[in-house]
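Trainee: sequence first, then the predicted structure, then my questions.
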Amino acid sequence: MILAVGVTILFMNGEALGISVLRDADLERYEAGQYFTENDLNGAWDTGGASFVVLSGDSSTVTGNGAYMKDGDLCIVSSGRYVVSGSLSDGKIIVDANKNSKVWILLSGVDLYCSDDACIRVNEADKVFLTLKEGSSNSLESGTAYSDFALLDDTDGVIFAHDDLTINGTGTLSVTAGCRHGISANDDLIIAGGTVTVTAPEDGIRANDRLNIANTKITVDAGDDGISVNTDTGMLYLESGEFSLTSGDDGLHAASPILMKDGTYVIRSGDDAIHSDMSFTMLSGTLEVPESHEGIEAPSILISDGMLTIFAQDDGMNANRGPAVNTVVSPDGTVTAVRSEDDASPSVEIRGGQILIENPWGTDADGIDSNGNIRISGGVIVIHLLGAPANTPFDYGLVPGSVLEITGGTILGSGGAGPMKPAASDSQKSLLVNTGSYTSSNVKVRLLDSSGEEILSDEVPYSFTTYFVSTPDLADDSYTLVIGKDRYEVRP
């Protein structure tokens, strides 16, 4: 009892008595605005003291502690660092350590095929770091069906983790799934470096909770979603890097908020290029959508800056009904997503950037569609739609009291004679012209002031009947809108 009391006193007053207190250097607690820990970003860790594994079927060798070979599989059972190279013709790497263990695995030229399970599976650990060694090429491929054991364990990826998983480094990783998904984590998944290529019949990359990606070149070819997050308490955060996604369903899909910052994103999707059940926020970067059903769909859409080019068969952007999210962006780029009541008013807000939305296919499609508000305060927005009667650059107001409010930016929109209403706010003036008949395709549109000086021009690739203009240059004056050889005298 005396000893126990003494130890308690030391724990309570140790630092005051000059005793050093050991702390976990990587608590793995992601505070608000923190998307990566120091260890997540460290792709060049010291291999001193590491165990070394050379894989080669029955003749694989393990030098060091914490790992052993069993039935052709590499089993890692202790925290620490492991350098792995070589190949297995039908085997896997298994991490089955203590629940508080952190495990670092340096992939230094690894080629794995596993016919009936994940090539790398994390049964238990606090967190596992897969580091792609500089200059290395690593390949993982699974078979077309999982074993009964793997299915009972809910295995669903070539890389599969029950716990937190980080992929970093500067090497390359190729993941080919014969069934289900490519990379899958039940908890948090962090990808913070390297060149990663994933091919899968279902999702390419997925996480149950948080999925953060930065400084990575990612190529995904997926039969279902390209990159996805399953729970509405998580987040999909994308920063920097190059992304090329081809998907049978959504390119990016999340039940939680999606945040995009910097980077280049090219998405070809069978359904939505980007879909969130809560909110989508783009702070910067370049987004190209050469093919989609809808470009961006979420209850709340915020474009702060960036360059967007969206080709869609239906709406370019669609703010639908659902759990609305109030997205707050601080000066340092920190985003806070606050969920409000279900079925709150959806919204599209555009503060800046350069946006081009084109639809040469749809016959009942909108450039920007919101069941609630559309608010534009900056940027350059150009919308070109096929001139079908129901196609309109802006559609809003399913929720009573909704507005189209334009207080800044330059907006040009062409389409059909759909039910687009003029801007509700008169802080920036606008023009809406109905030609009364279809124009020719590939026609030039020019806006002239009362003295005949050109204010702006637009090359419109598709035939249209309605043209919309809003720009800070408009005043309470007369203007001439020249469409091909036709001239229309208009006032805001």
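Mentor: Sure thing, it's come through. Numbering: from 1, shown residues only.
Trainee: just the helices in the stretch 101-250 of the chain please.
Mentor: 148-152 (DSSP state H, counting those that start in this stretch).
Trainee: how deep is Thr233 tucked in, by neighbour count?
Mentor: Per other Cβ atoms under 10 Å, the neighbour tally for Thr233 reads 12. C-betas here are computed from N, CA, C, even on glycine.
Trainee: ignoring the adjacent residues along the chain, who's closest to it?
Mentor: Leaving aside its chain neighbours, Thr233 sits nearest to Ser256 (6.7 Å; criterion: Cβ to Cβ, 6 or more residues apart in numbering).
Trainee: ok, now which ones touch the one you found?
Mentor: Val229, Thr231, Asp232, Thr233, Gly234, Met235, Leu236, Ser276, Asp277, Met278 (Cβ atoms under 8 Å, 6 or more residues apart in numbering).
Trainee: now, the most widely separated pair of those residues?
Mentor: Maximum pairwise distance among the contacts of Ser256 (Cβ to Cβ): 13.5 Å, between Thr233 and Ser276.
Trainee: can you map out the strands along the stretch 351-492 of the chain?
Mentor: With strands called from DSSP state E, counting those that start in this stretch, the stretch 351-492 of the chain shows them at 354-359, 366-370, 373-385, 392-396, 404-415, 430-434, 443-448, 454-460, 466-470, 479-483, 486-490.
Trainee: need the ones you listed in CSV (columns: mean pLDDT).
Mentor: Below are the strands of the stretch 351-492 of the chain laid out as CSV (pLDDT from 0 to 100):
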stretch, mean pLDDT
strand 354-359, 97
strand 366-370, 95
strand 373-385, 96
strand 392-396, 91
strand 404-415, 94
strand 430-434, 91
strand 443-448, 97
strand 454-460, 96
strand 466-470, 94
strand 479-483, 97
strand 486-490, 95
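Trainee: ranking those strands by mean neighbour count, which comes first?
Mentor: strand 366-370 (a mean of 29; mean count of other Cβ atoms under 10 Å).
Trainee: what does that strand rub up against?
Mentor: 301, 315-319, 346-348, 357, 359, 374, 381, 383, 385, 391-396, 402, 413, 415, 418.
Trainee: and that strand, which strands flank it?
Mentor: Using DSSP bridges, the strands paired with strand 366-370 are strand 317-319 (parallel), strand 392-396 (parallel).
Trainee: between those, which one is closest to Tyr488.
Mentor: Counting by Cβ to Cβ, Tyr488 lies closest to strand 392-396 out of the strands paired with strand 366-370; the figure is 17.1 Å.
Trainee: dump the residue contacts of the residue lying closest to Ala150 once chain neighbours are set aside.
Mentor: Leaving out its chain neighbours, the residue that sits closest to Ala150 by Cβ to Cβ, 6+ apart is Asp117, at 4.5 Å. Applying Cβ under 8 Å, 6+ apart, we find Asp117 in contact with Lys92, Ser142, Tyr146, Ser147, Phe149, Ala150, Thr155.
Trainee: any of these buried? List them.
Mentor: Neighbour counting with 16 or more other Cβ atoms under 10 Å marks Lys92, Ser142, Tyr146, Ala150, Thr155 as buried within the contacts of Asp117.
Trainee: quick one: these as JSON lines, columns for pLDDT and distance to Arg268 too.
Mentor: As requested, the buried ones among the contacts of Asp117 are arranged in JSON lines below (pLDDT from 0 to 100; distance: Cβ to Cβ, whole Å):
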{"residue": "Lys92", "pLDDT": "97", "distance to Arg268": "32"}
{"residue": "Ser142", "pLDDT": "98", "distance to Arg268": "24"}
{"residue": "Tyr146", "pLDDT": "96", "distance to Arg268": "29"}
{"residue": "Ala150", "pLDDT": "95", "distance to Arg268": "31"}
{"residue": "Thr155", "pLDDT": "96", "distance to Arg268": "29"}
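Trainee: which of those residues fall within strands?
Mentor: Of those, the ones assigned to strands by DSSP state E are Ser142.
Trainee: which among the buried ones among the contacts of Asp117 gets closest to Leu189?
Mentor: Once Cβ to Cβ is applied, the member of these that ends up nearest Leu189 is Thr155, at 15.4 Å.
Trainee: domain-wise, how is this protein divided?
Mentor: For the chain, automatic domain parsing gives the domain ranges 38-224, 355-492.
Trainee: just so I know, which of these lies nearest Ser284?
Mentor: With distances scored as Cβ to Cβ, the stretch of the domains of the chain nearest to Ser284 is domain 355-492 (12.3 Å).
Trainee: what about the closest one, start to end distance?
Mentor: By Cα to Cα, to the nearest Å, the extent of domain 355-492 from end to end equals 23 Å.
Trainee: who touches Asp58 in this structure?
Mentor: Listed by Cβ under 8 Å, 6+ apart, the contact set of Asp58 reads Gly72.
Trainee: so how far is Gly316 from it?
Mentor: 57 Å (Cβ to Cβ, to the nearest Å).
Trainee: what's the answer for Ile483, then?
Mentor: 22 Å.
Trainee: of all the strands paired with strand 366-370, which one comes closest to Gly285?
Mentor: In terms of Cβ to Cβ, the element of the strands paired with strand 366-370 nearest to Gly285 is strand 317-319, at 16.1 Å.
Trainee: just to revisit the earlier point, highest neighbour count among the contacts of Ser256?
Mentor: Of all the contacts of Ser256, Ser276 has the most neighbours under the rule other Cβ under 10 Å, reaching 30 neighbours.
Trainee: ok, and the closest non-adjacent residue to that residue?
Mentor: Counting by Cβ to Cβ, 6+ apart, Ala298 is the residue found nearest to Ser276 once chain neighbours are left out, at 4.0 Å.
Trainee: show me what contacts the one you found?
Mentor: By Cβ under 8 Å, 6+ apart, the contact set of Ala298 is Ile258, Ile274, His275, Ser276, Asp277, Met278, Ser279, Phe280, Ala319, Asn320, Gly322.
Trainee: what do you get for Asp111?
Mentor: Counting by Cβ under 8 Å, 6+ apart, Asp111 touches Gly86, Ser87, Leu88, Asn138, Ser139.
Trainee: my read: the first one touches Ser56, true?
Mentor: Yes - assessed by Cβ atoms under 8 Å, Gly86 is found in contact with Ser56 at 5.1 Å.
Trainee: quickly note the distance from the residue nearest to Ser276 to Pro472.
Mentor: Going from Ala298 to Pro472 by Cβ to Cβ gives 28 Å.
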